[in-house]
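**Q** Pasting the sequence and the predicted coordinates here, then a few questions.
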Amino acid sequence: MYYITSNDGTKIAVYDYNPQGKQTVFLIHGWPLSHRIFEYQINLLTDCGYRVVAVDLRGFGRSDTPADGYSYDRMSADVFHIVRKLCLKNFILIGFSMGGAIALRYMNRYNGLGVCRLILLSAAAPCFTRRPGFPYGKTVQEVDDLINLAGTDRPELCQNFSKQLFACPHSDAVIDWFKDIALSASGIGTIKCAIALRDEDGRDDLECVHVPTYIVHGNKDIIVSSELAEIQHENICNSKLISLPDSGHGIMYDQLEKFNSIFMHCITDGRTIS
């Protein structure tokens, strides 16, 4: 792990696995987690010879926690700064949940610099909450309740969120693991990014994607509805939607073996892994 300082002085934790790998995969986690949620995909990717660049978004994991700067524009600028600093080219960009929305904002603001393929996992896009002309997603009040809980009992928030991640039964140890990852976030980052989830409108981002795109979504996701995945598919040209009937929001772990098979199909664009 090393730090890359973004252009506002914030130190962003970057994890660079197998830097001599044949192709780079860039991973962006979701709220209120860190890069650690991709543990079993990082293992798989490096075993298959890929370079993996993962990030802890500002306010999460081991990155700095500034008082502000949690808009999608600012966080996509952090991604851009890492891409430029590492001279990444022809890489696969992957975003989970809020990380998917940030990946889409990167595609919009920076014309998808360096990206050859986009993979959206349970992406909280284009809008996480309902608004005029967009009757999908959570209500503003539901997210306000999360923000209020984050400000008064963040351990309870993390516990509840971890339980809601999955549709398949998992042990208490797994729930505790995801709770611990969520608790590693800062209180500021948890609250400020929840505000961004509530307020950001990414509808214009979808039409700015011009690379092959895979959208992977769990049909039993109670955090990001399947309607949002359908909207992504309808508005991103050259996209493919893959549904996992028995998975919830924590799609990278809920049906681990099945997901990893689909994940590598998306990574290789359907080609056999050499």
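**A** Okay, I see it.
**Q** Just the pLDDT for Ile273.
**A** Looking at Ile273, its pLDDT stands at 52.
**Q** same check, this time on Phe263
**A** According to the model's per-residue confidence, Phe263 sits at a pLDDT of 98.
**Q** Met75 versus that one, what's the distance?
**A** Distance of Phe263 to Met75, given as Cβ to Cβ, to the nearest Å: 23 Å. Quick note: C-beta positions are derived from backbone N, CA and C, even for glycine.
**Q** swap in Lys179?
**A** Remark: distance between Lys179 and Met75 (Cβ to Cβ) = 23 Å.
**Q** Of those two, which one has the most company?
**A** For the pair Lys179 and Met75, the greater number of neighbours falls to Met75 (26 against 20), based on other Cβ atoms under 10 Å.
**Q** my guess is that one is in a helix, correct?
**A** Yes - when DSSP: H, G, I helix; E, B strand; the rest coil is applied, Met75 is found to be in a helix.
**Q** what residues are up against it?
**A** Taking Cβ atoms under 8 Å, 6 or more residues apart in numbering, we find Met75 in contact with Leu57, Arg58, Gly69, Ile102, Arg105.
**Q** ok, 10 Å please
**A** With Cβ atoms under 10 Å, 6 or more residues apart in numbering as the criterion, the residues that contact Met75 are 6, 12, 28, 55, 57-59, 69, 98-99, 101-102, 105-106, 193, 196.
**Q** which stretches of the stretch 51-200 of the chain form helices?
**A** In the stretch 51-200 of the chain, the helices defined using DSSP state H, counting those that start in this stretch lie at 72-85, 98-109, 140-152, 154-164, 172-183, 187-199.
**Q** Of those helices, give the one that comes closest to Leu241.
**A** Set against Leu241 and scored by Cβ to Cβ, these come closest in helix 98-109, at 13.2 Å.
**Q** between that closest one and helix 187-199, what angle do the directions make?
**A** 60 degrees (axes from the mean of the first three to the mean of the last three Cα atoms, to 10 degrees).
**Q** Which elements pack onto helix 98-109?
**A** Based on contacts counted as 3 or more Cβ pairs under 10 Å, 6 or more residues apart in numbering; DSSP states H and E, the elements that helix 98-109 packs against are strand 24-28, helix 72-85, strand 91-96, strand 115-121, helix 187-199, helix 203-206, strand 213-218, helix 226-235.
**Q** Can you tell me which of those is nearest to Ile147?
**A** For these, proximity to Ile147 was assessed by Cβ to Cβ; helix 187-199 is nearest, at 4.9 Å.
**Q** Remind me what that closest one packs against, helices and strands.
**A** The criterion is 3+ Cβ pairs under 10 Å, 6+ apart, and the helices and strands that helix 187-199 contacts are helix 72-85, helix 98-109, helix 140-152, helix 154-164.
**Q** Can you list the buried residues in it?
**A** Buried residues in helix 187-199, defined by neighbour count with 16 or more other Cβ atoms under 10 Å: Ile188, Gly189, Thr190, Ile191, Lys192, Cys193, Ala194, Ala196, Leu197, Arg198.
**Q** for stretch 124-143, same thing?
**A** With the criterion 16+ other Cβ under 10 Å, stretch 124-143 contains buried residues Ala124, Ala125, Pro126, Cys127, Phe128, Thr129, Tyr136, Gly137, Lys138, Val143.
**Q** now stretch 236-253
**A** When neighbours are counted by 16+ other Cβ under 10 Å, the buried residues of stretch 236-253 are found to be Ile236, Ser239, Leu241, Ile242, Leu244, Ser247, Gly248, His249, Gly250, Ile251, Met252, Tyr253.
**Q** now swap in stretch 143-162 and tell me
**A** With burial defined by 16+ other Cβ under 10 Å, the residues of stretch 143-162 counted as buried are Val143, Leu146, Ile147, Leu149, Ala150, Arg154, Leu157, Cys158, Gln159, Phe161, Ser162.
**Q** cool, stretch 16-24 as well?
**A** Going by neighbour count (16+ other Cβ under 10 Å), the buried part of stretch 16-24 is Tyr17, Asn18, Gly21, Gln23, Thr24.
**Q** how about those in JSON lines, adding distance to Ile82?
**A** Formatted as JSON lines, these follow (distance: Cβ to Cβ, whole Å):
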{"residue": "Tyr17", "distance to Ile82": "14"}
{"residue": "Asn18", "distance to Ile82": "17"}
{"residue": "Gly21", "distance to Ile82": "16"}
{"residue": "Gln23", "distance to Ile82": "17"}
{"residue": "Thr24", "distance to Ile82": "11"}
